[in-house]
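Engineer: sequence and predicted structure below; questions after.
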Amino acid sequence: MANRSAPALSLRLFWKPLARGPQLTVRDAVVFALVIGGLALIAVGGRQTLKPLSVVGAISLDPINLPAYALRTTLRMLAAMAVSLVFAFAFGVMAAKSRRLERLLIPLIDILQSVPVLGFLTFTVTFFLALFPGQVLGAEFAAIFAVFTSQAWNMALAFYQSLKTVPRDLQDVSDSLRLGAWRRFWTLEAPFGAPALVWNMMISMSGGWFFVVQAEAITVGATTVRLPGVGSYVALAIERRDLHAIGWAVLTMLVVILIYDQLMFRPLVAWAERFRLDATLRDDAPRSWLLNFIERADLARRVLRPAGSVLRSVASLRLGAPTGPAAPVSRFWSGRWVDVAWWAALGGVAILAALKGISVVGHEVGLAEVGHVFALGFYTLIRVVVLTVVASLIWTPIGVMIGLRPRLAAFVQPVAQFLAAFPANLLFPLFVLAIVRFHGAPDVWLSPLMILGAQWYILFNVIGGAGALSWDLREAASSFRVTGWTWWKRVALPFVMPAYLVGANTAAGAAWNAAIVAEVASWGSTTLRAHGLGAYILDGSVTGDLPRVVLGVAVMCLYVVVFNSLMWRPLFALAERRLHAA
């Protein structure tokens, strides 16, 4: 017994001096192991970006390389997510606070989320590679920017819509306190938009997996650089038709998604729950083991407390003009002549852009072909509308039922993230084989490929919107026995309408984006084509026919802007009026 008690006694003597300060516990060890491990992984992955392009080796399909590839891809996606978050804050504030900027930025976002990613890569790759000549860093920035273009737009729209639907009574309280614009943002607007933003961050992270296949294969002229990553691994596996490698890549994606769901998104969902409008305590509120660890770890709380105090002090600064009825409004900036000058400037830019486009296209394309391209755009528009309606009818009720059950949402969350992240192009060969086997019409049966990845924007936004449904409102509906269609019409649908509109609008934009790869599908020597604008743009891209690519993208942008102005903008305005009146 004496020998057994000696180690215990020495341990007690070793820890005794520390007993006077913060108590080190298992929770502290876990938290700091996660922090140090995360920093070490970032350092290891970041060190590779400083090497010259000449040392970038060929991609290997050996599964042993997948952990390193997964680390590089995840770091790129997290970097793009950080930039997307800053962009969402800036865009949301500018579009929600300025009527002039709103009328410019909202159509611009509608266009950007519909333009194929290949259109961005054509210009950005050259720029970033020239910015860091001969270095991997330039290619890394090009890949991160490409992933950013797949993540930012729905986050920006979600945050903008949250700012536009802040309840009137909360705005009145903020006005009466004469908060500055900075303090109002961090004490009211950012917390109010946090739940919707978190759910859109999840779908953005998942949507980025599809685009890393294109983003990690950098091509400039005859030079091709394949950055180490899961996306380039999948691209090579598809090129070589290696089904075993594709299986390993899918398994790696599943493991990575489960890891960052537990370490990042599950804590964010539980944290965002604190910003619900009602103060009712709920037994089924979302929980996170990591968040609980951090909150209960004594040493971690002591370390984080000063940082929290600094952040609260920064958020409390009275920067910007006070808001409210008594806030002074400059007549200079509110005059009609400023509106006239603003729209004249925008009109001038639009005319110059149109003239430039006509000069590029006019020498190569006749009026008959222009009319044909507009007809192709109409075919694609019909597909986008029909597929968005079908996806809405399927996922809206499912999303509401999941969002109202946080424990079910906690289970569905990683599954939905994996399904949303699954590269839809891996399913294209199955569609091609099925269409050929059953003699299906490509114009009809290739269409679902456009919505395979886009449909998840509807589900995630509806889950987030339903999860924010006031518990008091749900209890009141239950007390008055409001059930069936009446409950959907009077309670659920009006409340989730803003979140649904963000999801449906983004899903429609993603479907336009996917048309370039969905209207032409191939496997081996078999290629199927559907009549549409996506196939037309892809043909121009493959042959290097710049005038026809410009024409196709211009017609797509025109369709998107006109349709969104006639459809989505009135619906957004209706949702804003209903929530302000509530």
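Structural biologist: Ah, there it is.

Engineer: gap between the strand or helix carrying residue 36 and the chain center?
Structural biologist: According to DSSP states H and E, residue 36 maps onto helix 26-47. How far helix 26-47 lies from its chain's middle: 26 Å, per C-alpha atoms, centre = their mean, to the nearest Å.

Engineer: what does stretch 69-77 give?
Structural biologist: For stretch 69-77, the distance to the chain centre is 17 Å (C-alpha atoms, centre = their mean).

Engineer: now the residue nearest to the spatial centre of the chain: how far from residue 83?
Structural biologist: Nearest residue to the geometric centre of the chain (C-alpha atoms, centre = their mean): residue 204, 2.4 Å. From residue 204 across to residue 83, the span is 11 Å (C-beta to C-beta, to the nearest Å). C-beta here means a position set from N, CA and C on the backbone, and glycine is covered the same way.

Engineer: between these two, which contacts overlap?
Structural biologist: Taking C-beta atoms under 8 Å, 6 or more residues apart in numbering as the criterion, residue 204 and residue 83 both touch residue 152.

Engineer: which helix or strand in this protein has the lowest average pLDDT?
Structural biologist: For the chain, the helix or strand with the lowest mean confidence is helix 2-15, at a mean of 44 (criterion: mean pLDDT, DSSP states H and E).

Engineer: where does the residue nearest to residue 390 when sequence neighbours are not counted land on pLDDT?
Structural biologist: Nearest residue to residue 390, sequence neighbours excluded (C-beta to C-beta, 6 or more residues apart in numbering): residue 451, at 7.6 Å. Residue 451 carries a pLDDT score of 87 in this model.

Engineer: if you average the pLDDT over the helix holding residue 36, what comes out?
Structural biologist: 72.

Engineer: now stretch 163-178
Structural biologist: On average, stretch 163-178 scores 81.

Engineer: now that stretch: buried residues?
Structural biologist: 163, 164, 165, 166, 171, 174, 175 (16 or more other C-beta atoms under 10 Å).

Engineer: sorry, back to before: could I get the phi/psi values of the residue nearest to residue 390?
Structural biologist: phi -110, psi 0 (degrees, to the nearest 10).

Engineer: hmm, it is touching residue 394, no?
Structural biologist: No - counting by C-beta atoms under 8 Å, residue 451 does not reach residue 394; the two are 10.1 Å apart.

Engineer: who has more neighbours, the two?
Structural biologist: A direct count of neighbours by other C-beta atoms under 10 Å for residue 451 and residue 394 places residue 451 higher, at 24 against 13.

Engineer: contacting residues around that one?
Structural biologist: 387, 388, 390, 391, 507, 511, 514.

Engineer: please apply the same query to residue 364.
Structural biologist: By C-beta under 8 Å, 6+ apart, the residues touching residue 364 are 545, 547, 548.

Engineer: of those residues, which belong to strands?
Structural biologist: Secondary structure assignment by DSSP state E places none of the contacts of residue 364 in strands.

Engineer: put together CSV for those residues, with pLDDT and distance to residue 461 on each row.
Structural biologist: Formatted as CSV, the contacts of residue 364 follow (pLDDT from 0 to 100; distance: C-beta to C-beta, whole Å):
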residue, pLDDT, distance to residue 461
545, 76, 37
547, 82, 38
548, 83, 35
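
Engineer: need these in JSON lines (columns: distance to residue 364 and neighbour count).
Structural biologist: What follows is the contacts of residue 364, written out as JSON lines (distance: C-beta to C-beta, whole Å; neighbours: other C-beta atoms under 10 Å):
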{"residue": "545", "distance to residue 364": "8", "neighbour count": "16"}
{"residue": "547", "distance to residue 364": "4", "neighbour count": "16"}
{"residue": "548", "distance to residue 364": "7", "neighbour count": "20"}
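
Engineer: let me know the closest of the residues you listed to residue 125.
Structural biologist: Residue 125 has its nearest neighbour among the contacts of residue 364 in residue 545, at 19.3 Å by C-beta to C-beta.

Engineer: which residues touch the closest one?
Structural biologist: 364, 539.

Engineer: just the C-alphas of stretch 137-156, formatted as CSV.
Structural biologist: Output of stretch 137-156 as CSV, limited to C-alpha atoms (Å, rounded to 0.1, in the frame of the first residue of the first chain):
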residue,chain,number,x,y,z
LEU,A,137,0.2,31.6,-52.7
GLY,A,138,-1.2,33.1,-56.0
ALA,A,139,-2.9,29.8,-56.9
GLU,A,140,-4.2,29.5,-53.3
PHE,A,141,-5.7,32.9,-53.4
ALA,A,142,-7.4,32.1,-56.8
ALA,A,143,-8.8,28.9,-55.3
ILE,A,144,-10.0,30.7,-52.2
PHE,A,145,-11.7,33.4,-54.3
ALA,A,146,-13.5,30.7,-56.4
VAL,A,147,-14.8,29.1,-53.2
PHE,A,148,-15.8,32.5,-51.9
THR,A,149,-18.0,33.0,-54.9
SER,A,150,-19.9,29.9,-54.0
GLN,A,151,-20.3,30.9,-50.3
ALA,A,152,-20.9,34.6,-50.0
TRP,A,153,-24.1,35.4,-51.9
ASN,A,154,-26.6,33.5,-49.8
MET,A,155,-25.0,34.6,-46.6
ALA,A,156,-25.1,38.2,-47.7
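
Engineer: just use 547 as the starting number from now, easier for me
Structural biologist: With the count now opening at 547, the last piece we talked about shows up as stretch 683-702.

Engineer: avg pLDDT for that stretch?
Structural biologist: 87.

Engineer: can you check stretch 897-905 too?
Structural biologist: The average pLDDT for stretch 897-905 rounds to 74.

Engineer: before we move on, back to that, which among the contacts of residue 997 end up buried?
Structural biologist: 933, 934, 937, 1053, 1057, 1060.

Engineer: with distance to residue 965, secondary structure and pLDDT as added columns, please give those residues in TSV.
Structural biologist: As requested, these are exported to TSV (distance: C-beta to C-beta, whole Å; DSSP: H, G, I helix; E, B strand; the rest coil; pLDDT from 0 to 100):
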residue	distance to residue 965	secondary structure	pLDDT
933	17	helix	94
934	18	helix	94
937	13	helix	95
1053	14	helix	91
1057	17	helix	89
1060	16	helix	83
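
Engineer: of all the residues you listed, which comes closest to residue 1120?
Structural biologist: residue 934 (17.6 Å).
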